[in-house]
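> sequence-free structure coming up:
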């Protein structure tokens, strides 16, 4: 009888799932809505029901289930509150195992899981120690060391977006602190920087709204103000990653999220400041763009239970 493995990426509005063969081949992927009613009490049962529906279609048995959750998760699978769903502190791993009867269940933070996926099948292929940075509405991070997700003692390992990079900031980050990396390199942060001190001679002037894409497009077109913002972006990101490298010494950084669609200009500016601030032994660290997009989470989740 065929053996299948499920990868689950739980998001705030949608849950992405994939059914994989025992060789790691993606057989099918699908999504269901994230049901946050009753403080998210129905989320896990609906995930399990959906996996069972697909298993019944394909036949065979589910031999492992990996789950990525947007919140701090301990190595034992305990979520330490997840505000998006209203979850408190409980053991997600045990709950999924109890609902399914599957003993091979692993749970980790969604950013760490995405990093594992990119290392396995995406921009981090060929390495076994990487740091992934996700630049979207916020700034997340995932650390893989010698093929294993590094969650930290409290499940908060990889919170790169909350490294302090600016001491003169007056506005607060979503975490409550001031001067976090997220305030300058996320899509929101890039727009915030662009709006402050916007010059009349910039291509951004007079627009009803500004996006991070507008800033990078302007820089590529030679707009001097956009080039200044991109340079500042690269300074903050490259310097922060240098700090990370001096602690963890990864083989490569993989940059993903919506902002990464800007492409090579991100790698070039970040790498410039990374090298300026890194000791000789760290100069060879590689920079890559992520390749799996929204599928990174399901690949990383299933990778936890396949090998």
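Here it is on my side, so go on. Treat the numbers as computed from the prediction; the structure is a model and nothing was measured.
> Could you list the domains of this protein?
The record's domain split for the chain, according to automatic domain parsing, is 3-109, 123-291.
> which one of those lies closest to residue 115?
domain 123-291 (2.8 Å; Cβ to Cβ). Bear in mind the C-beta positions are built from the backbone N, C-alpha and C, glycine included.
> Direction included, what does the helix or strand hosting residue 134 pair against?
Assigned by DSSP states H and E, residue 134 belongs to strand 130-135. Within its sheet, strand 130-135 is paired with strand 139-145 (antiparallel), strand 252-256 (parallel), according to DSSP bridges.
> want to try TSV for those, with distance to residue 228 as columns?
Formatted as TSV, the strands paired with strand 130-135 follow (distance: least, Cβ to Cβ, whole Å):
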stretch	distance to residue 228
strand 139-145	20
strand 252-256	21
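> worst average pLDDT in the ones you listed?
Here the lowest mean pLDDT among the strands paired with strand 130-135 goes to strand 139-145, at a mean of 91.
> what residues does it touch?
Here strand 139-145 makes contact (Cβ atoms under 8 Å, 6 or more residues apart in numbering) with 109-116, 119, 124, 128-134, 149-150, 157-161, 181-182, 185-186, 189, 248, 250, 257.
> and these, which are buried?
109-116, 119, 124, 129-134, 149-150, 157-161, 181-182, 185-186, 189, 250, 257 (16 or more other Cβ atoms under 10 Å).
> Out of those residues, which sit inside strands?
Secondary structure from DSSP state E places 109, 130, 131, 132, 133, 134, 149 of the buried ones among the contacts of strand 139-145 in strands.
> I'd like to know which of the domains of the chain lies nearest to residue 298.
domain 3-109 (3.7 Å).
> Can you give me every residue that contacts residue 274?
So residue 274 contacts 238, 239, 241, 242, 245, 285, 287 (Cβ under 8 Å, 6+ apart).
> Save those as a markdown table, and put in secondary structure, pLDDT and neighbour count too.
Listed next are the contacts of residue 274 as a markdown table, based on DSSP: H, G, I helix; E, B strand; the rest coil; pLDDT from 0 to 100; neighbours: other Cβ atoms under 10 Å:
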| residue | secondary structure | pLDDT | neighbour count |
| --- | --- | --- | --- |
| 238 | helix | 98 | 24 |
| 239 | helix | 98 | 18 |
| 241 | helix | 98 | 28 |
| 242 | helix | 98 | 19 |
| 245 | helix | 97 | 20 |
| 285 | coil | 97 | 21 |
| 287 | strand | 98 | 19 |
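> Let's have those in JSON lines, adding distance to residue 55.
Formatted as JSON lines, the contacts of residue 274 follow (distance: Cβ to Cβ, whole Å):
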{"residue": "238", "distance to residue 55": "46"}
{"residue": "239", "distance to residue 55": "48"}
{"residue": "241", "distance to residue 55": "41"}
{"residue": "242", "distance to residue 55": "46"}
{"residue": "245", "distance to residue 55": "42"}
{"residue": "285", "distance to residue 55": "42"}
{"residue": "287", "distance to residue 55": "40"}
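> correct me, but residue 7 touches residue 298?
Yes: shown here, residue 7 and residue 298 form a contact pair, counting by Cβ atoms under 8 Å, at 3.7 Å.
> These two: which is more packed in?
residue 7 (30 against 27; other Cβ atoms under 10 Å).
> Residue 81 contacts residue 92, doesn't it?
No: with contacts counted by Cβ under 8 Å, residue 81 stays clear of residue 92, the gap being 11.9 Å.
> So for those two, which sits in the more crowded spot?
Higher neighbour count among residue 81 and residue 92: residue 92, with 24 against 12, using other Cβ under 10 Å.
> Out of the ones in strands among the buried ones among the contacts of strand 139-145, flag the one nearest to residue 265.
Nearest member of these to residue 265, counting by Cβ to Cβ, is residue 133, at 15.4 Å.
> where along the stretch 201-307 of the chain do the helices fall?
212-220, 224-248, 264-276, 296-306 (DSSP state H, counting those that start in this stretch).
> which of those helices is buried the deepest?
helix 296-306 (a mean of 28; mean count of other Cβ atoms under 10 Å).
> by how many degrees do that helix and strand 139-145 diverge?
Here helix 296-306 runs at 30 degrees with respect to strand 139-145, directions being taken by axes from the mean of the first three to the mean of the last three Cα atoms, to 10 degrees.
> helices or strands up against helix 296-306?
strand 3-10, strand 14-21, strand 26-33, strand 61-69, strand 105-109, helix 110-121 (3 or more Cβ pairs under 8 Å, 6 or more residues apart in numbering; DSSP states H and E).
> Can you name the residues in contact with the following helix or strand past the fourth one?
Scanning forward in sequence from strand 61-69, with DSSP H and E defining helices and strands, the next element found is strand 78-82. If you take Cβ under 8 Å, 6+ apart as the criterion, strand 78-82 is touched by 40, 69-74, 87-93, 107, 154-155.
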